[in-house]
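Participant: Show me the folded form of this:
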Amino acid sequence: MLRQIFGRRMFLIWTVIALSLSLWLYKAPIHKVIAAEETTYRKLKIFSDVLDIVQKNYIEEVKPEDLISGAIKGMLNSLDPHSSYLTPDEYNELHMDTSGSFTGVGIEISIEDGILTVISPIEGTPAYRAGIKAGDKIIKIDGQPTKSMTLMDAVKKIRGEKGTTVTLTILRKGMAELMDFNIIRGIIPLKSVKSRMLEPGYGYIRITNFRENTDDDLEAALKQLESGEFPLKGLILDLRNNPGGLLDQAVSVADEFLDSGLIVYTDGRKKSDSMKFTAKKNKIPRTYPMVVLVNEGSASASEIVAGALQDQKRAVIVGTPTFGKGSVQTIMPLEDGSAVRLTTSQYYTPNGHSIQARGIMPDIVVKGDIAYERKEHTQKHIIREKDLQGHIEGKKELPEKKEVRAEEIKDDVQLSRALDLLKSWQIFSKMTTI
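Facilitator: Sure, this is the predicted structure:
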């Protein structure tokens, strides 16, 4: 009987201890949440106070909605170079970039240390023909300094009606003085795929950007090359100066040359932001050798394609290290027609290499492509993702590759080297080992 009572007492004691412990464990997170909420409320109170001070004391009357929009822009711009707030007009501009036609000069730009910087000119556009180069810093637009200008404000100033002129004042590495480029705005071509036969049996396809119809244009180009007079012995896929575009189009392009396996995967904070994209078996087998050309202007979607074909051993990558934009931006529309563009995850190649701030390292490094070193021999510093202020660091290192130097710079030394590689491929494949 004594043992029974003692046992019950011990059971009650342990029950009370367990309950107390569980209550303590349960309350701890609540205190943390309350503390965090109180900190947030205090900061919001300070924000409200500053808003009131500016409205009452600023030299000119300012609309509260403009102040709030500016605060939202500042909040998002403080995160990384690619997160931003899009006004309704800017959101519409984004739609035009990927689908509809628009007028402008044809450059992909970003902001580095508060200065507009050219990532790459789009081939065939007014800016490309005028001589704008990757790495150029835009100091003024029509005489107005760009130091405190937002990216979207700059885009709106550079774009305009067809036939009108915009003056870009450029600071270029190696040049002692600023240069003015008077560029006549034109309709930026939406056709993103160009193709031709370099020599009998050796095809060439250039993708200038990744838009809604890129996969259809690529399929048509491949069909034309593959049904030509000569069987296709090899293909060069040119992604140089391609600033990127739509993720689904990058996946579709890579899928055209792969029958199975991983193309790219994303890893984010939320489970919904972590995705995997795999290749499907093609109706038309494509077993011919491939060379992919890349350079410092190859970014985002271009790097996804190059990384997938490299890791899957489907193509040899030739050129110079790519830009290194491996972050994913999700567009979240708001009720007033504006939107938030927020970095939500990062891209990884099939082998698990992070593209972010590192880019794709070519299998064979060849300097001297047509966009950078024609008639020029000065070494220029090209802006990459890792040079942008506030960029997100990647998570894994890429192995270094041995550099191959071209003996002579011709019109396009990288394309010439790629063609030589394809020809060598055919020669070596016919050799037998004794």
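Participant: need the contact list for residue 127.
Facilitator: Residue 127 makes contact with 105, 106, 107, 121, 181, 183, according to C-beta atoms under 8 Å, 6 or more residues apart in numbering. From N, CA and C alone the C-beta is placed, and that goes for glycine too.
Participant: what does stretch 78-91 contact?
Facilitator: 69, 72-73, 75-77, 94, 110-112, 150-152, 155-156, 325, 327, 329, 331, 333, 336-343, 385, 388-392.
Participant: let's see 6 Å
Facilitator: Stretch 78-91 has contacts (C-beta atoms under 6 Å, 6 or more residues apart in numbering) with 72-73, 76, 152, 327, 329, 337-339, 341-343, 388, 390-392.
Participant: go on, stretch 176-189?
Facilitator: Residues outside stretch 176-189 that contact it (C-beta under 6 Å, 6+ apart) are 101-106, 124-127, 130, 160, 162, 164-171.
Participant: quick one: buried residues of that stretch?
Facilitator: Across stretch 176-189, burial judged by 16 or more other C-beta atoms under 10 Å covers 181, 183, 185, 186, 188.
Participant: repeat for stretch 213-232
Facilitator: 214, 215, 217, 218, 221, 222, 225, 232.
Participant: Now, of the contacts of stretch 78-91, which are buried?
Facilitator: 72-73, 76, 152, 327, 329, 338-339, 341-343, 388, 391-392.
Participant: for those, which one is nearest residue 297?
Facilitator: Lowest distance from residue 297 to the buried ones among the contacts of stretch 78-91 (C-beta to C-beta) belongs to residue 388, with 14.4 Å.
Participant: wait, isn't the closest one in contact with residue 112?
Facilitator: Yes. Counting by C-beta atoms under 6 Å, residue 112 is a contact partner of residue 388 at 5.3 Å.
Participant: Run through the helices of the stretch 201-350 of the chain in chain order.
Facilitator: Here the stretch 201-350 of the chain has its helices, by DSSP state H, counting those that start in this stretch, at 214-226, 247-255, 301-311.
Participant: Let me have those helices in TSV, extended by distance to residue 85 and mean pLDDT.
Facilitator: Compiled in TSV, those are given as follows (distance: least, C-beta to C-beta, whole Å; pLDDT from 0 to 100):
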stretch	distance to residue 85	mean pLDDT
helix 214-226	28	95
helix 247-255	21	96
helix 301-311	23	97
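Participant: Identify the farthest-apart pair in the contacts of stretch 78-91.
Facilitator: Across the contacts of stretch 78-91, the longest distance by C-beta to C-beta is 29.4 Å; it joins 337 and 391.
Participant: Show me this structure divided up by domain.
Facilitator: If you go by automatic domain parsing, the domain ranges for the chain are 1-62, 101-187, 193-429.
Participant: Alright, that wraps it up for me.
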